[in-house]
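J.: Here's a sequence, model it:
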Amino acid sequence: MVNKLQTTQATTENSITHPPFREALRFWFRLGWISFGGTTGHIAIMHDYLVEKRRWISNQKFLQALNSCMILPGPEAQQLAIYIGWKLHGKKGGITAGTLFVLPSMLILLALSIVYVTYGNSPLLESIFNGLKPSVLAIILVATWKVGKKALHSRVHYLVALATFALSYLLHVAMPLIIGGIILFSVIMDKLFPKLAGIAKSGMPAVDAATENGYVINLQQVDAPLTRKTVIRTLAAFLALWALPLGLLLVYGKDAAFWNKLVLFFTQTACITIGGSYTVIPYVAQLVVVKYYWLSRLQMLDGFALAETTPGPLIIVLSFVGFMAGYNHFDHAVGYGVAGLLVTTYYTFLPNFLFIFLGAPLADRYKDHHLVQTTLSLVTAAVVGVILNLTFFLGRSIVFPGAVTLAGIDYVSVIWVAVVLFLLVRYNTNVLYIVLLSITFGLGKFLIS
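T.: Now for the predicted structure:
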């Protein structure tokens, strides 16, 4: 009887069928519209549906893929979607999953950006943004705390975080130089003082073959090695997709120098985002405000507020930056703002497909290497310093809208920051509810004033 039951269970596990593309397409489409809550929310939704409900990927393979995505530049949640879509239905599935992950939030942000530049000076919208801005600061503060708890394991990690903050905020050192310094420092630490880095040895639990076989994508499957032909074809396709829109902009676009700078800048940012959105956003915020003058500090803060109201990764705020860059550069032309947003989104997320199709197999192969673990650990610690930089960079405009004095403090905003912090820390309130409450708070200020 027991043997019969075990046979039946094994048969059931092995009867998991490969999902049709149409069924996966429905999930990726729905995910793009409901994935509020940042990276944690995105990963939780995918794990619940893909692992627990549909059994399309095993838990161990899901975690292994997530670890590999964390090694690569770019937002890991979108890359995880690309990876799973790729494993289910080839490159067609990966492109579909990655595109639908971003497309809804881009369309929503596009509509909000047009409303912002058209009606942004109205007292009503100003009040709404004044309600949203303190909540953005609270969300960033909570992110600092959460990432810090996971990332800072030793004195070295704390020193790296503080050094990153000092270099980026006080000395305005470029983020690529900081990342390069951390990689060099990781090599030195790994060779000379491996124990000081405080790297916990990673390792997956023992693989249960019977359980793994109950999933469409599992650890039992051996991925075919990348061939030279595959690498060359993938690189050629990527370069063509990267160069063609740029060529059209340079030939037919007004002010070719602007479009060339925009494309090169956001391609560069896509390649240095090891550590997720919070690594690249402060780097972008300072350059576009202080160096390129594409938008003001307050407009950057408003972009954060708008990005928090959309699903998708937080890095979608860069699409707003592109909109404002085109809008401001071409004398407040909404059409050029739309073009700037589309170009920025395209060149921010295009490299992620290359990173997965070519980089994921390599990251998967070396994810347990001690040097890779050391580098990833220290880069994650640096993210804490980067988020602190972002907190100070944007928080100053919220707490001190005028002079940095006691008299210049906006006490109403400070109180609302405290309220949102209480809701996030004490009750783990969903970010979408926080946004709705903050909009109501802003409306209340408008009606009272």
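
J.: remind me which residues of the stretch 301-449 of the chain are low pLDDT?
T.: 367-368 (pLDDT under 70).

J.: Do you have the helices of it handy? List them.
T.: Remark: helices assigned in the stretch 301-449 of the chain by DSSP state H, counting those that start in this stretch are 317-329, 334-354, 360-366, 370-399, 411-427, 431-448.

J.: List the contacts of the first one.
T.: Spelled out, that is helix 317-329. Residues from elsewhere that reach helix 317-329 (C-beta atoms under 8 Å, 6 or more residues apart in numbering): 106, 109-110, 113, 117, 255, 258, 262, 266, 269, 280-281, 284, 288, 292, 294-295, 299-300, 303-304, 306-307, 333-334, 336-345, 348. C-beta coordinates here come from the backbone N, C-alpha and C atoms, glycine included.

J.: what do you get for the third one?
T.: If you take C-beta under 8 Å, 6+ apart as the criterion, helix 360-366 is touched by 64-65, 68-69, 71-72, 79, 83, 223, 225-226, 372.

J.: where's it relative to the chain centroid, distance-wise?
T.: Centre-to-centre, helix 360-366 and its host chain are 20 Å apart (C-alpha atoms, centre = their mean, to the nearest Å).

J.: Which positions in that helix come out as buried?
T.: 360-361, 363-364 (16 or more other C-beta atoms under 10 Å).

J.: Check the longest one too.
T.: When neighbours are counted by 16+ other C-beta under 10 Å, the buried residues of helix 370-399 are found to be 371-391, 393-395, 397-399.

J.: How far off centre is that helix?
T.: Counting by C-alpha atoms, centre = their mean, helix 370-399 is centred 14 Å from the centre of its parent chain.

J.: got the angle for that helix vs helix 411-427?
T.: Put simply, helix 370-399 runs at 140 degrees to helix 411-427, going by axes from the mean of the first three to the mean of the last three C-alpha atoms, to 10 degrees.

J.: Which secondary structure elements does helix 370-399 sit against?
T.: Secondary-structure packing of helix 370-399 (3 or more C-beta pairs under 8 Å, 6 or more residues apart in numbering; DSSP states H and E): helix 59-71, helix 123-151, helix 155-165, helix 175-192, helix 277-286, helix 297-308, helix 411-427.

J.: next SSE after the first one?
T.: If you walk from helix 59-71 toward the C-terminus, the next helix or strand you reach (DSSP states H and E) is helix 76-119.

J.: TSV please, covering the buried residues of helix 360-366 and showing distance to residue 233.
T.: Converted to TSV, the buried residues of helix 360-366 look like this (distance: C-beta to C-beta, whole Å):
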residue	distance to residue 233
360	16
361	15
363	20
364	20
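
J.: Would you point out the most distant pair within those?
T.: Using C-beta to C-beta, the buried residues of helix 360-366 span at most 7.4 Å, a distance reached by 361 and 363.

J.: how near is residue 448 to residue 100?
T.: According to C-beta to C-beta, to the nearest Å, residue 448 stands 42 Å off from residue 100.

J.: again with residue 323
T.: To residue 100, residue 323 is 21 Å away according to C-beta to C-beta.

J.: And for residue 336?
T.: Residue 336 is 27 Å from residue 100, by C-beta to C-beta.

J.: what's the answer for residue 271, then?
T.: Between residue 271 and residue 100 the distance is 23 Å, computed by C-beta to C-beta.

J.: who has more neighbours, the two?
T.: Set side by side, residue 271 and residue 100 show more neighbours around residue 100, with 19 against 15, by other C-beta atoms under 10 Å.

J.: so what's residue 359 up against?
T.: By C-beta under 8 Å, 6+ apart, the contact list for residue 359 reads residue 72.

J.: Tell me the spacing between it and residue 264.
T.: Plainly put, residue 359 is 21 Å away from residue 264 if you go by C-beta to C-beta.

J.: ok, now residue 411?
T.: When C-beta to C-beta is the yardstick, residue 411 and residue 264 sit 43 Å from each other.

J.: Comparing these two, which residue is more hemmed in?
T.: A direct count of neighbours by other C-beta under 10 Å for residue 411 and residue 264 places residue 264 higher, at 12 against 8.

J.: got the angle between the helix or strand containing that one and helix 175-192?
T.: Here residue 264 sits within helix 256-270, counting by DSSP H and E. Computed by the same axes, to 10 degrees, the angle separating helix 256-270 from helix 175-192 equals 30 degrees.

J.: just checking, what packs against helix 256-270?
T.: Secondary-structure packing of helix 256-270 (3+ C-beta pairs under 8 Å, 6+ apart): helix 228-252, helix 277-286, helix 317-329, helix 334-354.

J.: one more time with 6 Å, if that's ok
T.: Helices and strands touching helix 256-270, by 3 or more C-beta pairs under 6 Å, 6 or more residues apart in numbering; DSSP states H and E, are helix 228-252, helix 334-354.

J.: quick one: low-confidence parts of the stretch 151-300 of the chain?
T.: By pLDDT under 70, the low-scoring segments of the stretch 151-300 of the chain are 195-208, 274-276, 278.

J.: Provide the count of other residues in contact range of residue 301.
T.: By other C-beta under 10 Å, the residues close to residue 301 number 24.

J.: give me every residue that touches it.
T.: Residue 301 makes contacts with 133, 394, 397, as judged by C-beta atoms under 6 Å, 6 or more residues apart in numbering.

J.: contacting residues for residue 308?
T.: By C-beta under 6 Å, 6+ apart, residue 308 lies in contact with residue 435.
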